[in-house]
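# how does the following fold in three dimensions:
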Amino acid sequence: MKLSKAVLLATTVIGCAAVAQAETFNIQTSFNAGDFSTQYITENWLPKIKERTDSRIQIVLTPNGSVVPAKETPAAVAAGVLDGDFTSVNYFAGLEPAYAIMGDLISGYDTPEQMLGFCRDGGGEAMMQKAADAVTSGEVTVVACGPYSREALVARTPIRTFEDLSGMKIRSPEGLAAAVFSAAGASPVSIPFSEVFGALEKGIVDAADASAYVNNDATGLQDVAPFPLYPGIHSMPSMQLTVNTEKWNNLSGEDRTTLRDWWYEAMFAMAAEVSKLDAEIAARDDATDDIEVIDWAQEDRDKLRVVAREQWEDYATKSALAKEALDANIAYMTDIGLFK
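Numbering: from 1, shown residues only. Take a look at the predicted model:
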């Protein structure tokens with residue numbers, strides 16, 4: 001009887017410890033609620049992190065702006081208002097210029113998989129952590145980073161060539177993307193992602209740096225901007241997954257590794273799915289009379305790339321960390337054959 005009671009007590013203690021170690025992470029994303037990306041991660045991948053950690057990690061994903069504006073998520077995570085964020089780091093370019101380099105090296109990488117490789121294997125995570133430390137004093141831990149798509153550019157009027165960018169009012173995040181559009185002759189306008197549809201519908205902007213073609217389709221952007229540029233000419237925004245450092249420290253080493261591996265697996269899978277769906281939906285739309293899908297000639301893409309590279313170098317002078325971030329990107333791009 002005494003032995004049975006001892007076993008029961010021990011089992012109860014172990015069970016309570018397991019419950020105490022369970023963590024629910026309230027994570028705000030920069031995706032809108034109706035985006036394909038939100039649905040894809042929520043339906044296909046959030047259950048997997050719970051399963052792989054035996055419920056020790058559960059994630060509640062909330063949409064863009066649901067708790068704080070996207071550009072304020074680092075401070076909110078540091079303060080514990082959010083447990084973490086899953087956000088395009090372009091929003092943070094005003095906090096530290098390195099975020100402009102890490103967030104979207106315009107016309108740099110050819111595929112999301114290449115930049116995911118930079119983050120996972122080429123020092124990108126470490127650079128993102130340095131940027132986070134610069135603005136949150138170590139209270140935010142970067143778990144992983146990288147993009148999942150090359151974005152389309154939605155437009156109310158045709159932008160068929162590089163020269164057509166001149167004078168266009170284009171919604172753009174702050175930072176490097178805005179600098180590139182400005183250098184190309186356009187007028188960048190900084191408005192929240194959640195207001196893109198209304199701004200296009202009302203003619204406040206002529207075009208918008210919004211999201212992947214499949215996301216733009218899901219939110220109806222082509223209904224008010226029927227001249228999308230696809231494949232995209234400009235943007236491959238890098239996301240980050242961060243966790244409040246105190247909550248991160250509460251996780252075991254095994255669960256930290258599982259969370260990181262889970263995120264990269266999810267992003268590689270989503271990149272493949274988005275690429276497939278983008279191509280299918282763009283072909284469907286282009287076959288109608290309502291939407292004209294514009295694919296720039298290589299000559300025009302090359303002109304924009306020349307302008308973009310000038311802006312890389314210019315942005316890299318804004319801080320020592322930005323220069324370090326650019327050097328790290330170029331070193332990796334050289335290693336994989338994008339530069340000679």
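# ends of stretch 329-340, how far apart?
Using CA to CA, to the nearest Å, the end-to-end distance of stretch 329-340 comes to 14 Å.
# buried stuff in that stretch?
Residues N329, I330, Y332, M333 are the ones in stretch 329-340 that count as buried (16 or more other CB atoms under 10 Å). The C-beta positions use only the backbone N, C-alpha and C, and glycine is treated the same way.
# of the residues you listed, the lowest pLDDT goes to which?
Least confident by pLDDT among these: that is M333, with 87.
# now do the contacts for that one.
The contact partners of M333, taken as CB atoms under 8 Å, 6 or more residues apart in numbering, are G108, Y109, Q114, F118, F339.
# where does this structure have low pLDDT?
1-21 (pLDDT under 70).
# would you state the strands of the stretch 201-340 of the chain in chain order?
207-209, 239-244 (DSSP state E, counting those that start in this stretch).
# most packed of those?
Highest mean neighbour count among the strands of the stretch 201-340 of the chain (mean count of other CB atoms under 10 Å): strand 207-209, with a mean of 28.
# so which elements touch that one?
The contact analysis (3 or more CB pairs under 8 Å, 6 or more residues apart in numbering; DSSP states H and E) places strand 207-209 against strand 153-155, strand 169-171, helix 196-201.
# other residues contacting the longest one?
Contact partners of helix 196-201, identified using CB under 8 Å, 6+ apart, comprise 154, 156, 171, 189, 191, 204-205, 207-208, 210, 219-221, 224-225.
# ok, now with 7 Å
Contacting residues not belonging to helix 196-201 are listed as V154, R156, R171, I191, V205, A208, A210, T219, G220, L221, V224, A225 [CB atoms under 7 Å, 6 or more residues apart in numbering].
# that older thread, now render the helices and strands packed on strand 207-209 as TSV, adding mean neighbour count and distance to K50.
Formatted as TSV, the helices and strands packed on strand 207-209 follow (neighbours: other CB atoms under 10 Å; distance: least, CB to CB, whole Å):
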stretch	mean neighbour count	distance to K50
strand 153-155	27	35
strand 169-171	23	36
helix 196-201	18	32
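# out of the ones you listed, which comes closest to V143?
Nearest to V143 among these is helix 196-201; the distance by CB to CB comes to 27.8 Å.
# send the alpha carbons of the closest one over as CSV?
Presented in CSV, the C-alpha positions along helix 196-201 are these (Å, rounded to 0.1, in the frame of the first residue of the first chain):
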residue,chain,number,x,y,z
VAL,A,196,-4.2,48.4,-49.0
PHE,A,197,-7.6,47.4,-50.5
GLY,A,198,-9.3,50.7,-49.6
ALA,A,199,-6.3,52.7,-50.8
LEU,A,200,-6.4,51.0,-54.2
GLU,A,201,-10.2,51.1,-54.5
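# pretty sure S107 contacts L304?
Yes: S107 is within contact range of L304, at 6.0 Å (criterion: CB atoms under 7 Å).
# so how far does stretch 91-103 reach from one end to the other?
End residues of stretch 91-103 are separated by 8 Å (CA to CA).
# the stretch 101-250 of the chain: helices as residue ranges?
112-121, 124-136, 176-183, 196-201, 213-218, 221-224, 245-249 (DSSP state H, counting those that start in this stretch).
# what is the fifth one packed up against?
With contacts taken as 3 or more CB pairs under 7 Å, 6 or more residues apart in numbering; DSSP states H and E, helix 213-218 sits against helix 36-44, helix 253-286.
# thinking again about what came up before, pick out the most distant pair among the contacts of helix 196-201.
It's I191 and G220 that sit farthest apart of the contacts of helix 196-201, by CB to CB, at 17.1 Å.
# so for these two, which residue has more residues nearby?
Between I191 and G220, counting by other CB atoms under 10 Å, I191 is the more crowded of the two (15 against 12).
# who touches the more buried one in this structure?
Contacts of I191 by CB under 7 Å, 6+ apart are R171, A199.
# state the distance from it to N90.
13 Å (CB to CB, to the nearest Å).
# likewise for R150?
14 Å.
# and R260, by the same measure?
On the measure of CB to CB, R260 and N90 end up 22 Å apart.
# more crowded one of the two?
Shown here are R260 and N90; by other CB under 10 Å, N90 has more neighbours (26 against 16).
# show the contacting residues for that one.
If you count contacts by CB under 7 Å, 6+ apart, then N90 has G103, D104, P173, G175, A177, P237 around it.
# right, and V274 touches R150 too?
No: with contacts counted by CB under 7 Å, V274 stays clear of R150, the gap being 9.1 Å.
# that older thread, going by distance to E72, which of the contacts of N90 wins?
P173 (14.1 Å).
# how far away is the residue nearest to that closest one when sequence neighbours are not counted from A177?
Closest residue to P173 apart from its sequence neighbours, by CB to CB, 6 or more residues apart in numbering: N90 at 4.0 Å. As judged by CB to CB, N90 and A177 stand 6 Å apart.
# overlap in contacts of the two?
With CB under 7 Å, 6+ apart as the test, N90 and A177 both reach D104.
# between S107 and L304, what contacts are shared?
Contacts common to S107 and L304, judged by CB under 7 Å, 6+ apart, are absent.
# can you redo the contacts of N90 as TSV with distance to M127 and neighbour count?
Shown next, in TSV, are the contacts of N90 (distance: CB to CB, whole Å; neighbours: other CB atoms under 10 Å):
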residue	distance to M127	neighbour count
G103	11	31
D104	14	29
P173	19	28
G175	15	27
A177	18	26
P237	16	27
